[in-house]
Structure formats: C-alpha cells, structure tokens
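> Please find the sequence and the predicted model below.
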Amino acid sequence: MKLTQEEQKMLDGAYGEGVQLAMKVLVAVGEAYDAPYMVPVTRTHVALSNQEADLWFVEKLVRGGAHCKVSPTVNPGFNIELFEKLTGEMTAEDIEQMQRTRAAYQAIGATLTYSCTPYLQQNIPFFGEITAYSESSATPYVNSVYGARSNREAAQSALCAAVTGVTPYYGYLIKENRRGQALVEVKADMHDDFAYQMLGYVVPEKIGFQIPVFEGLSRPTPEALMNLGAELNTAGNVAIYHILGVTPEAQTYEDAFQGQKPTQVVTVTDDDLAEMQERLSDPKGKIDFALYGCPHFSIRQIHDVVQLVKGQKLAVPLYIMCSTATKDLAEKMGFLEILHAAGGELTDQTCMDQPCWRFLYGKKGVTDSPKCAYYTKRRQMQFVVTSLEKSVEAALKGEIA
Amino acid sequence: MKTYHCHKIAEGKGEGEVLFSEDPVNFYLVDPKTGVFIEPHHSLSGQCITGKILVLPYGKASSVVQADGMFQLKMTGNGPKALILQAPDTTLVASAIILEYPVVDKVDPAFFSEVKNGDRLCVDADAQTVTKLD
C-alpha cells in the first residue's frame, strides 16, 4: 500500500505503540483487499461489546498511548447502577469488567453514547461521507439509507480508524462495489416494522451475500429500515441494500444496478415470512418476561408500547433497551411513568448480550427481534418471536397462545 | 519439500499438520479448553484445531464473537499455528493481527490439489511462502 508520510510515521511508531498497532491493523486489512492507499474518515462507530477481546484490545491501545482522532460513538454494554437496583445477581467480576470498559473507552477519547443506533441520534453521516461503522444494524443503515460509505467494519478495525483518522480504500467505499446484484420482489404484506425483521432474515437464504435491491416497499419507517439492516447483517454478511424509489442510490432501476442486469430475481411472499417466524421462534406458552430494543428502541416504538400498556398491569416484567437520550425524552413525555406504573422498565446503555441479564437465564421471554433471540442462544434464554402488538399482549397476559 | 508462493496478511511463522475446512469458520464455536469444533453441521465438527495449520474459505459471524473466540484460544494455547484463507474478511484479518496469528492468502492453486489433510506444512507469512515438509 502507498502510505503518506504521516501514515508511515504512525506505522513506524513515531506516535507511540498504540497508534502504531492501529495503523498496522489497517495496513493489513488494506493489503488483504489490495487497497491502493488510505482515505480520511470523518465519522466512526465502535461496536464496544464489553467482552474479553474487546476490553483487552482497547486497554492495549490505551496503554500504548493511543487517543482517537475521530471520536467514535460506542455500542452499549450494560448500565451498572440501574441493574444493581433491578437484580441482585450480577457478580463482582461482571461489574468490574464493565467499569474497566467504561474507563478504557473514556481514556481513548470515545463519545460515550452506549447505543447501537447512533445513526438515528448522535452520529448521522451525510451522502457520500467516508466513515467506519461497526455494529450489525449501523453499517447497513449508514450505507443504504444515507448513502454514506462504510465497509462492514469489525469493532477493532473501526476503533483503529478512529485512532488514526483513516481507513483503507476498498469495498463499499468504491461506487462500483455498491451496485445492486439481486432483485428482490416483495409480494408480502409489509404492514408493520416486524415484517421487515422477517424480510431481513429471509433474503440472505434466497440470494446469499449478494447486495439486494428491493422492489415493492413503499414508505418504510426508520425503524423498519433499522430492523431490515440488522437482520440482513445477522442472518448474512449483507451490509448494504437498496430500495427502489426510496434509498438514495436507487432512485431508478438503472442507478440501483448501475446499468447492469440483476444476477438473480427472487420473490418474497407472506408464506416466506410466516415460515421464517415459525423457525426463529421457540414454542409458544407461558412466558416469564418481555424484552425489546435489539436494536435500541426509538421514542416512537416506546410510545407504541406505552399506548398498549397504559392503565394496565403487566403479568410479567417488560424491559425496553434504548439510548440515554431516548430515555430522557420518554421521561419528559410521561412515557416512563406510565411504563413504571404498568410494571415495565427502560434499560438504557444496555445490550441484551450482556451478563446483567443473568437473572433471566433459564427463562422464556417474548420479543419482536430475531437478532435478540439469536444472540441469547448462548445465554440459555428462550424466546417467542412475534410482532410488537402480539408480544405486548402476551406480556399483559403472561402467556402466548 | 515443495514451496508454494502466497500473500502475507498477518506476520509470523507457524508449523504443523494441515487441516482443511470446507465451511467458513467462527472461532467462537471452538471450545477454548480443548480446541475442538463444537458447531453442529460443520465440516470440522468434533475435530481439534490445536497446533494445526487451518485452511479455510473465510470467516463468518460478528467481529465481537470472532475476536473473542480467537482471544480465548490464544489464552489457552489451543489455537491453530497459522491460517490459510481463500477469501479474507475484515473481521478475521483484524482479529488475527491483534492476536498475532500468522495468516496468508492467495496460495498457488497447485497447493489445493497437492496438499492433503495431515501433511506437515510451514507457513512463513513474512517470506510469503507455504512449504510442504517431508
């Protein structure tokens, strides 16, 4: 790779071992993809995970003196103070690990948003902007909905881009590589955001990891698009999609396929979505809790839950994960009070794949998120996956038929 | 002895028996205590990768779990000695550099017809060579 003088100095260690390691990682990624050179990034998002390798790497960079040039927003870990009130089951190790994660990301100069939906709130790129976003719902959103440019970054490579301010020029940063490949004709009834969860899971099975161009989706909500991207990138490695007439690089058929023909044309029907839901869901019956916010819920989604539980008592606890900014808003708007009165809680700064949920292990929940159900398989939690409306109804009754 | 040319992704050198994986690999689904693949329906299910030169098409799964899996194998010493990739992905490449696993790709096509499971190999990423030892 051809490096600038400044980049070469970073690689040679002139700015300390932390910056040197970050540049070494980026050069290796660049060389693996035959990238000719580095390009500056102006936004980054790091999928902080508060897990062993994550903490080990960020602490290593901090010890090596690294500090972010482009301060990244970060994913959630868990909210220690809130969960100390909610449960007595966190261990001293759980708490210490999260404290170290907080300290390390603060020291490296991250913007401590602790949210997996930065693209709706605190870190919104513009069309064509070169960025480095990790996090499975974030990369497809910035690429597809805003037309910003990001590769499917690993948490670590995004952090290296934040530290050095550059990323290798390859992949989705190049217009030709963003060309739609397979045409997906949606014949299914896409009446709610939940249908988009299922659509995202169905498509990689039909077209592999090709870039899908959707036809037949009109006026999807931001939350629908958040769900679509999260599931495309969980069921497959699909970090960009286009929607004809909706997303900026697909205003016309010609644009979406960049003048070429689709490699494949597939159709998605109601049956496909229903069959996928059946497969992703554990058996129905009695439930112990309801969990939402994978990805983090928006204020509109919290509003929808609040409308359903207002003035009623939930039969089982209901938790909604969201950003701190959204929680503050929910409090100002009176939503939090209604939710508390019904027996629900907003758990901000928190991801479902964290040890703070230990008190729910071995239990069965209900959720609207297949991604939530997928990641908890290794935490011995079961999930019935269904629409928001049906799942809240189940939480009010304590069971789902 | 026969030497094949390759392309360096992550520096270092490793020697061991070769093990081919037909399927993409998620190191989180390898038991760090034993080095045995625990992913069901995987071509390497039940096999041990400890000390092996692992040849794989590419990595799969999120950066969080991939890095964590490779980290745990490094800590227990039950990881592979080196990786030979057919198609690199960002997550696997970044994890390998950070955790200091030697990795190469673009090995001469002849390698894939001439080398079989169990052959001894030396992967020298810095010299950009893969050598079949006698």
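That came through fine.
> use CA for all of it now, contacts and neighbours both
Fine.
> Quick check: longest helix in chain B by residues?
Counting residues, the longest helix in chain B under DSSP state H turns out to be helix B:63-76.
> buried ones in that helix?
By 16 or more other Cα atoms under 10 Å in any protein chain shown, the buried positions in helix B:63-76 come out as B:Ser63, B:Val64, B:Val65, B:Gln66, B:Ala67, B:Asp68, B:Gly69, B:Met70, B:Phe71, B:Gln72, B:Leu73, B:Lys74.
> correct me, but the first one touches B:Asp89?
No: B:Ser63 is beyond contact range of B:Asp89, at 10.2 Å (criterion: Cα atoms under 8 Å).
> now the helices for the stretch 301-401 of chain A?
For the stretch 301-401 of chain A, the helices defined by DSSP state H, counting those that start in this stretch cover A:324-332, A:335-342, A:370-375, A:388-397.
> Past the top strand by length along chain B, which element shows up next along the chain?
The strand that spans the most residues within chain B, counting by DSSP state E, is strand B:13-20. Under the assignment DSSP states H and E, the closest C-terminal helix or strand after strand B:13-20 is strand B:30-31.
> who does the longest strand of chain B touch, helix- and strand-wise?
For strand B:13-20, the helices and strands in contact under the criterion 3 or more Cα pairs under 8 Å, 6 or more residues apart in numbering or on different chains; DSSP states H and E are strand B:53-56, strand B:82-85, strand B:120-124.
> one step back: could you export the longest helix of chain B as CSV, CA atoms only?
Written as CSV, here are the backbone C-alpha positions of helix B:63-76 (Å, rounded to 0.1, in the frame of the first residue of the first chain):
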residue,chain,number,x,y,z
SER,B,63,-16.4,-9.2,15.0
VAL,B,64,-17.3,-9.5,18.7
VAL,B,65,-17.6,-13.3,18.7
GLN,B,66,-14.8,-13.9,16.2
ALA,B,67,-12.3,-11.8,18.1
ASP,B,68,-13.5,-13.3,21.4
GLY,B,69,-13.1,-16.9,20.1
MET,B,70,-9.6,-16.2,18.8
PHE,B,71,-8.7,-14.5,22.0
GLN,B,72,-9.8,-17.4,24.2
LEU,B,73,-7.9,-19.9,22.0
LYS,B,74,-4.8,-17.7,22.3
MET,B,75,-5.1,-17.6,26.1
THR,B,76,-5.5,-21.4,26.5
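> and B:Leu19, what does it touch?
B:Ile49, B:Lys52, B:Ile53, B:Leu54, B:Val55, B:Asn117, B:Gly118 (Cα atoms under 8 Å, 6 or more residues apart in numbering or on different chains).
> now what about the longest helix of chain B, what contacts it?
Applying Cα under 8 Å, 6+ apart, the external contacts of helix B:63-76 come out as A:47, A:49, A:51-54, A:154-156, B:26-30, B:32-33, B:35, B:60, B:79, B:91-92, B:95-96, B:99.
> May I see the helices and strands packed on strand B:13-20 arranged in TSV, with distance to A:Ala138 and mean pLDDT as well?
Shown next, in TSV, are the helices and strands packed on strand B:13-20 (distance: least, Cα to Cα, whole Å; pLDDT from 0 to 100):
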stretch	distance to A:Ala138	mean pLDDT
strand B:53-56	28	97
strand B:82-85	27	97
strand B:120-124	37	97
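> To chain A, which of these lies closest?
With Cα to the nearest Cα, the closest approach to chain A among the helices and strands packed on strand B:13-20 belongs to strand B:82-85: 10.2 Å.
> Just confirm yes or no for that closest one near chain A.
No: on the criterion Cα under 8 Å from any Cα of the partner chain, strand B:82-85 is out of touch with chain A, staying 10.2 Å away.
> Quick one: name whatever helix or strand follows that strand.
Once strand B:82-85 ends, the next helix or strand along the chain (criterion: DSSP H and E) is helix B:90-99.
> Just want the residue of the stretch 1-150 of chain A that's nearest chain B.
A:Ala53 (4.9 Å).
> Grab the nearest non-local neighbour of A:Glu331.
Excluding the flanking residues, the one nearest A:Glu331 by Cα to Cα, 6 or more residues apart in numbering or on different chains is A:Glu337, at 7.0 Å.
> Spell out which parts of chain B neighbour chain A.
Proximity of chain B to chain A (Cα under 8 Å from any Cα) is limited to residues B:8-10, B:61-64, B:67-68, B:71, B:88, B:90-91, B:93-95, B:97-98, B:105.
> Next, the angle helix B:63-76 makes with the helix or strand harbouring the residue of the stretch 1-150 of chain A closest to chain B.
Secondary structure assignment for A:Ala53, by DSSP H and E: helix A:52-63. With axes from the mean of the first three to the mean of the last three Cα atoms, to 10 degrees applied, the angle from helix A:52-63 to helix B:63-76 works out at 80 degrees.
> for helix A:52-63, which positions count as buried?
A:Glu52, A:Ala53, A:Asp54, A:Leu55, A:Trp56, A:Phe57, A:Val58, A:Glu59, A:Lys60, A:Leu61, A:Val62.
> Tell me who's in contact with the second one.
Read that as A:Ala53. B:Val64, B:Ala67, B:Asp68, B:Phe71.
> and with 6 Å instead?
Residues in contact with A:Ala53, defined by Cα atoms under 6 Å, 6 or more residues apart in numbering or on different chains, are B:Ala67, B:Asp68, B:Phe71.
> sorry, back to before: any chance of the buried residues of helix A:52-63 in JSON lines, plus distance to A:Ser387?
Putting the buried residues of helix A:52-63 into JSON lines (distance: Cα to Cα, whole Å) gives the following:
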{"residue": "A:Glu52", "distance to A:Ser387": "34"}
{"residue": "A:Ala53", "distance to A:Ser387": "34"}
{"residue": "A:Asp54", "distance to A:Ser387": "33"}
{"residue": "A:Leu55", "distance to A:Ser387": "35"}
{"residue": "A:Trp56", "distance to A:Ser387": "38"}
{"residue": "A:Phe57", "distance to A:Ser387": "38"}
{"residue": "A:Val58", "distance to A:Ser387": "38"}
{"residue": "A:Glu59", "distance to A:Ser387": "40"}
{"residue": "A:Lys60", "distance to A:Ser387": "43"}
{"residue": "A:Leu61", "distance to A:Ser387": "42"}
{"residue": "A:Val62", "distance to A:Ser387": "43"}
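> what about the strands in the stretch 201-350 of chain A?
Listed in chain order, the strands of the stretch 201-350 of chain A (DSSP state E, counting those that start in this stretch) span residues A:212-215, A:242-243, A:264-268, A:285-286, A:289-292, A:318-322, A:344-348.
> Would you mind saying which of the ones you listed lies nearest A:Cys116?
A:Cys116 lies closest to strand A:318-322 among the strands of the stretch 201-350 of chain A, at 8.6 Å (Cα to Cα).
> That closest one - contacts with which helices or strands?
Judged by 3 or more Cα pairs under 6 Å, 6 or more residues apart in numbering or on different chains; DSSP states H and E, the packing partners of strand A:318-322 are strand A:289-292, strand A:344-348.
> Can you check what angle separates it from strand A:344-348?
Going by the same axes, to 10 degrees, strand A:318-322 is angled at 30 degrees with respect to strand A:344-348.
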